[in-house]
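**Q** 3D, please:
(one chain, ligands or ions: 1)
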Amino acid sequence: MTEHIRDDFDQQAQQPQKHFHVLVLGAGVMGQRHIASMREVAEKILAPRGITLDIAAVDKSEAARAALPPAVKSYADMDAALAAQKPDIALMAFNDDQHISAFRKLFDACPDLKAVLAEKPLTEHLREAREIEPELRKRYLSMNTVANFSPVFDRLREELPKLEAQTGGNLRPLGFEAIWGKNRTADTRPSIGVPSESVHALSIIADMFGHGRLSMEAGDARKGYLSTKATDVIYEIDATFRSGKTGVPALFHASYVFESQHRTVTAYYRAADNSVVAAELDFDVKHNGQNADRLRLHRIDASSGKVETLLDEYPDKIVNGAPQGVLRGDRITAFISLSLTDFLTPPQKRDPALAARLSNLDAALEVQGEVEQINPQNRLLRTVQVDADPQKLDKPKYTSIADAPADEVKGRLSALEALQKPAPPRPAWKPPVRH
Ligand SMILES: NC(=O)c1ccc[n+]([C@@H]2O[C@H](COP(=O)([O-])OP(=O)(O)OC[C@H]3O[C@@H](n4cnc5c(N)ncnc54)[C@H](O)[C@@H]3O)[C@@H](O)[C@H]2O)c1
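**A** As a prediction, the model looks like this:
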């Protein structure tokens, strides 16, 4: 009898689950995109492996529910959705301020929930993310730091070693300039302000370039009325961060009062021949009428400030785990495809190269801690209270290094040089004197 039960049990354990209930929380801008990508991944990647997804969505807005494809069941609130079916996989795409209460409800009602795919930021505050950390640790988690799926990083990984060889070897990181923002003064979606936007630039520097544990050293911020659903938020920061891992500085200007969208991260390196190499990455720019990311590599003569652009391209080969052309080539689809593939692969068989492209719980918590420093209580951030003025929009602090006059280029390099810190002298350890 006991043997018989054990046989059944073993057999069950060996049978991987083939059918999954997915609940998408929020069918707004992002939720709709996730659902479209998930349906495509289900059809083209999972179905051939005998895996099926049953997708449902929750949204309080009737218009959002009406825009869903007929095959997606929809509910006006979480209670109704959870009463109808407990999900195996949940995808969080509610507005930021709703994430924590929705996570609490989800974990209470669904002890068997297996995976969480989440829009950034995980929660509005780090303390909330810490509160649900034990529940998240029991499950698979992947957070969508969407820019990290950009093909510019793959191209940079190919090109940087070549440039290193040309300049005598050993490119030493000097620092970063990052610009991230747009005009959100007329946006009617709820917003917590630029901390939400900053996740992207900071996680690019921390995760993609490896200069993690970013802490703010100093900065200025503006806080006040931004738009109808962001009535008292930090809407602009101009701050210096430093990586606790590598000591490299990052100058970061983020704003919701830019006159148009700007998303650029520039990494500077000192080359062995004393020139400076800059890798400039622009995200979500228009190229041939399409949304694209751009990679430029510049070599700078540090003494004259003269910039020579060595490479300028718009790479479009997004790694999403499928052969080129099978799935649509956007970054949301890459997030969904790579996350589901990673989750559905037994942990011991997961491909570390694929996992390295995803933000797991540790990466999500780390970036949450970094972003959390952008708050009015942080004494390192001088915050002034002033409402945003849609008539007076700003330009980003840094233009492309390729468009900057030589004197400005020299000034920008000197600013980064001035932020280089020698490693603090370490006094030799002496054993305590015993009497
Ligand atoms: N990764 C990225 O690049 C990126 C870009 C934009 C937004 N986001 C994030 O995605 C999330 C969603 O943003 P969005 O732009 O899709 O916003 P949105 O306002 O378009 O969509 C959110 C939807 O959730 C619904 N909703 C919110 N709270 C609810 C609740 N308690 N019950 C039922 N329905 C509820 C709203 O009705 C709305 O339709 C946010 O966390 C945002 O920060 C990420």
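
**Q** element containing residue 127, please.
**A** Assigned by DSSP states H and E, residue 127 belongs to helix 126-137.

**Q** so what touches the following helix or strand past that helix?
**A** Note on helix 126-137: by DSSP H and E, the next helix or strand toward the C-terminus is strand 140-144. With contact meaning Cβ atoms under 8 Å, 6 or more residues apart in numbering, strand 140-144 is reached by 114-120, 122, 332, 335, 338-339, 342-343, 358-361, 363-364. Just so you know, the C-beta spots here come from the backbone N, C-alpha and C atoms, and that holds for glycine as well.

**Q** and if we set it to 6 Å?
**A** 115-120, 335, 339, 343, 358-359, 361, 364 (Cβ atoms under 6 Å, 6 or more residues apart in numbering).

**Q** for residue 23, what is the enclosing helix or strand?
**A** Going by DSSP H and E, residue 23 is part of strand 19-25.

**Q** that strand: how far from the chain's middle?
**A** Relative to its chain's centre, strand 19-25 lies at 23 Å (Cα atoms, centre = their mean, to the nearest Å).

**Q** that one close to the ligand?
**A** No - Strand 19-25 lies apart from the ligand when judged by Cβ under 6 Å from any ligand atom; the minimum separation is 7.1 Å.

**Q** what about the helix or strand that comes right after that strand and the ligand, touching?
**A** For strand 19-25, the following helix or strand on the C-terminal side (DSSP H and E) is helix 29-41. Yes - applying Cβ under 6 Å from any ligand atom, one finds helix 29-41 touching the ligand at 29-31.

**Q** per-domain residue ranges of the chain.
**A** 2-144, 150-319+360-418 (automatic domain parsing).

**Q** mind listing what's buried in the helix holding residue 127?
**A** When burial is assessed from 16 or more other Cβ atoms under 10 Å, helix 126-137 yields the following buried residues: 126, 128-129, 132, 135-136.

**Q** contacts for it?
**A** 100, 103, 107, 122-123, 361, 365, 368-369, 372.

**Q** the ligand contacts on the protein?
**A** Counting by Cβ under 6 Å from any ligand atom, the residues of the chain that sit close to the ligand are 26-31, 58-61, 64, 77, 93-96, 98, 119-120, 144, 146, 189, 196.

**Q** thinking again about what came up before, could the buried residues of helix 126-137 go into a markdown table alongside pLDDT?
**A** Below are those laid out as a markdown table (pLDDT from 0 to 100):
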| residue | pLDDT |
| --- | --- |
| 126 | 92 |
| 128 | 96 |
| 129 | 96 |
| 132 | 98 |
| 135 | 98 |
| 136 | 98 |
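
**Q** now for those residues: which two are most distant?
**A** Based on Cβ to Cβ, the longest span within those runs between 126 and 135 and measures 15.8 Å.

**Q** pLDDT weak spots in the stretch 1-150 of the chain?
**A** Scanning the stretch 1-150 of the chain for pLDDT under 70 picks out 1-14.

**Q** rewinding a little: for the strand holding residue 23, packing partners?
**A** The helices and strands touching strand 19-25, judged by 3 or more Cβ pairs under 6 Å, 6 or more residues apart in numbering; DSSP states H and E, are strand 52-58, strand 89-92.

**Q** one more time with 7 Å
**A** helix 29-41, strand 52-58, strand 89-92 (3 or more Cβ pairs under 7 Å, 6 or more residues apart in numbering; DSSP states H and E).

**Q** by proximity to the ligand, which residue of the stretch 101-250 of the chain wins?
**A** At 3.4 Å from the ligand, residue 119 is the closest residue in the stretch 101-250 of the chain, using Cβ to the nearest ligand atom.

**Q** hang on, that residue packs against residue 94?
**A** No - using Cβ atoms under 7 Å, residue 119 is not in contact with residue 94; the gap is 8.2 Å.

**Q** so which residues of the stretch 201-350 of the chain form helices?
**A** For the stretch 201-350 of the chain, the helices defined by DSSP state H, counting those that start in this stretch occupy 331-344.

**Q** the strands in it, which residues?
**A** For the stretch 201-350 of the chain, the strands defined by DSSP state E, counting those that start in this stretch cover 214-224, 233-243, 249-255, 257-270, 276-287, 290-301, 306-313.

**Q** and the nearest residue to residue 92 once chain neighbours are set aside, how close does it get to residue 90?
**A** By the measure of Cβ to Cβ, 6 or more residues apart in numbering, the closest residue to residue 92 outside its immediate chain neighbours is residue 118, 4.2 Å from it. Distance of residue 118 to residue 90, computed by Cβ to Cβ, to the nearest Å: 8 Å.

**Q** compare the two (neighbour count), which wins?
**A** Ranked by neighbour count (other Cβ atoms under 10 Å), residue 118 and residue 90 place residue 90 first, with 27 against 23.

**Q** residue 59 is in contact with residue 75, correct?
**A** No - using Cβ under 7 Å, residue 75 is not in contact with residue 59; the gap is 8.1 Å.
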